[in-house]
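J.: Sequence below, structure please.
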Amino acid sequence: MQWIRDYQPDSGRKKAYRTALIITLIGNILLAVAKGLASYFTGSVALYADAANSISDVIYSLAMVVGLWMVLQPPDISHPQGHSRFEPLVGLVVAVMMTLAGYEALRSSITRFLAGGEVVEINLPTIVLLASAVIKAGMFYILTRIAKQVQSPSLNITAKDNLSDVLTSIAAFVGILGSNWINPLLDPAAGFLVALWIFRAAFGAAKGNLAYLTGAGADEELRSRIIEVATKVPGVERVHQMMSDYVGPKLVVDMHINLPGQTPLDEVHEITDRVIEALEALPEIDRAYVHVEPDDESPKPLPPNDSKAN
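T.: Predicted coordinates for the structure are as follows:
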């Protein structure tokens, strides 16, 4: 198991994850406290729905700390291929917490709507919601960059959740304005829209991470790109077969390539290594396995004593 002993964690990747977690934890805790207090003092259902969403953000942030710590652990006897599958599991936790927040937001909005709504003063909630939208927009920008840097599906989902929070804060703000200028029912109506947006984001998060956990394959565009990369390697006649499946957030590729039948064995080995290197250079691929087959269309060498008929 020499390859396990030689494993060195990527310090840049660890630093990126640590930065993302600190930003997520601090930002979500501050916003949850601010929105919770503002909702308590103003009675705004739309703001309460947004506060419930922020509380769920805090809980999944704590789950991310544990999950991503596991992701960064080196391969061992129990997980010889590494711990990357823990990351989409963290993504599912995020989706579950978002769903619970959506349920609470929907429940409170329906209750207030049936009670006839209530006018919410435009002061504290206005400041809190606008500040929340600005902070979440900044978190979305930073986490999106980090997620691309480390190819992290859980951080990518967290970034999208921050974008959703920007939109829900704006919806809650519009509901508060509407309760003053148009009708008190617009505040719970905005809370209802916030809940629907949360459910939509949770469904997208769950769908993507279930694909990673259940071994889904690459999409058509990525499959074409993988085959194109392999066929550009000098010496490869064509790709005979290619299968891919997600093991955690990255793909394992199993490919069959065709080489001329008379290619010397040492050259076959060299070409195979070059194909593997090219495939594993793609950010979406974790490991590649390449099998070689003789190309049926390649000219076959004649036996030593044979000759072509005139």
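J.: just checking, next helix/strand downstream of the helix or strand of the chain with the lowest mean pLDDT?
T.: In the chain, no helix or strand scores lower on mean pLDDT, DSSP states H and E than helix 2-5, which sits at a mean of 40. Toward the C-terminus, helix 2-5 is succeeded by helix 11-42 as the next helix or strand (DSSP states H and E).
J.: which helices and strands sit right next to that next one?
T.: helix 45-71, helix 124-150, helix 153-181 (3 or more C-beta pairs under 8 Å, 6 or more residues apart in numbering; DSSP states H and E). Bear in mind the C-beta positions are built from the backbone N, C-alpha and C, glycine included.
J.: Can you list the buried residues in the helix or strand just after the last one?
T.: This means helix 153-181. Later in the chain than helix 153-181, the nearest helix or strand by DSSP H and E is helix 186-213. Of the residues in helix 186-213, 186-199, 201-202, 204-206, 208-209, 211-213 count as buried by neighbour count, 16 or more other C-beta atoms under 10 Å.
J.: How much space separates Val290 from Met255?
T.: 5 Å (C-beta to C-beta, to the nearest Å).
J.: Between the two, which contacts overlap?
T.: Taking C-beta atoms under 8 Å, 6 or more residues apart in numbering as the criterion, Val290 and Met255 both touch 230, 275, 279.
J.: any idea which of these is closest to Leu251?
T.: Leu251 lies nearest to Leu279 out of the shared contacts of Val290 and Met255, by C-beta to C-beta, at 9.3 Å.
J.: How about that closest one, nearest residue that isn't a chain neighbour?
T.: Ala288 (3.8 Å; C-beta to C-beta, 6 or more residues apart in numbering).
J.: Over to Gln151?
T.: For Gln151, ignoring the flanking residues on the chain, the nearest one in space by C-beta to C-beta, 6+ apart is Pro283 at 5.3 Å.
J.: Checking that neighbour next. Helix, strand or coil?
T.: Per DSSP: H, G, I helix; E, B strand; the rest coil, the local secondary structure of Pro283 is coil.
J.: For it, give me the pLDDT.
T.: You'll see Pro283 listed with a pLDDT of 79.
J.: Report the separation between it and His240.
T.: 25 Å.
J.: okay, those two: which has more neighbours?
T.: In this view Pro283 and His240 are compared by other C-beta atoms under 10 Å, and His240 has more residues nearby, 14 against 11.
J.: Check the contact between the more buried one and Asn258; I expect there is one.
T.: Yes - in this structure, His240 is within contact of Asn258 by C-beta atoms under 8 Å, at 5.1 Å.
J.: Now do the shared contacts for these two.
T.: Listed as contacting both His240 and Asn258 by C-beta under 8 Å, 6+ apart are Glu293.
J.: need the contact list for Gln149.
T.: By C-beta under 8 Å, 6+ apart, Gln149 lies in contact with Ala16.
J.: again, only this time at 10 Å
T.: 12-13, 16, 20, 155, 283 (C-beta atoms under 10 Å, 6 or more residues apart in numbering).
J.: returning to that earlier point: my read is that the residue nearest to Gln151 contacts Ala147, right?
T.: No - applying C-beta atoms under 10 Å as the test, Pro283 and Ala147 come out as separate, 11.7 Å apart.
J.: pLDDT at the nearest residue to Asn162 once chain neighbours are set aside, what is it?
T.: Once flanking residues are discounted, Asn162 sits nearest to Phe140: 4.0 Å by C-beta to C-beta, 6+ apart. On the pLDDT scale, Phe140 is placed at 89.
J.: Make sure Gly261 is indeed in a strand.
T.: No - counting by three-state DSSP, Gly261 is not found in a strand; it is coil.
J.: That one: neighbouring residues, count only.
T.: Other residues near Gly261 come to 15 when the count uses other C-beta under 10 Å.
J.: quick one: it from Glu293, how far?
T.: For Gly261, the distance to Glu293 - C-beta to C-beta - is 9 Å.
J.: on that earlier part again, looking at the contacts of Gln149, which is nearest Ile135?
T.: Checking these against Ile135 by C-beta to C-beta gives Ala20 as the nearest, at 15.2 Å.
J.: To what extent is the closest residue to the closest one other than its chain neighbours buried, counted in neighbours?
T.: In space, and not counting its chain neighbours, Ala20 is closest to Ile146: 4.7 Å by C-beta to C-beta, 6+ apart. By the criterion of other C-beta under 10 Å, Ile146 has 21 neighbours.
J.: can you pull the contacts of Ile146?
T.: Taking C-beta under 10 Å, 6+ apart, we find Ile146 in contact with 13, 15-17, 19-21, 23, 152, 155-156, 158-159.
J.: Could you pick out the one among those residues with the lowest pLDDT?
T.: Arg13 (70).
J.: returning to what we had before: pick the one among the contacts of Ile146 closest to Met70.
T.: Nearest to Met70 out of these is Tyr17 (C-beta to C-beta; 11.3 Å).
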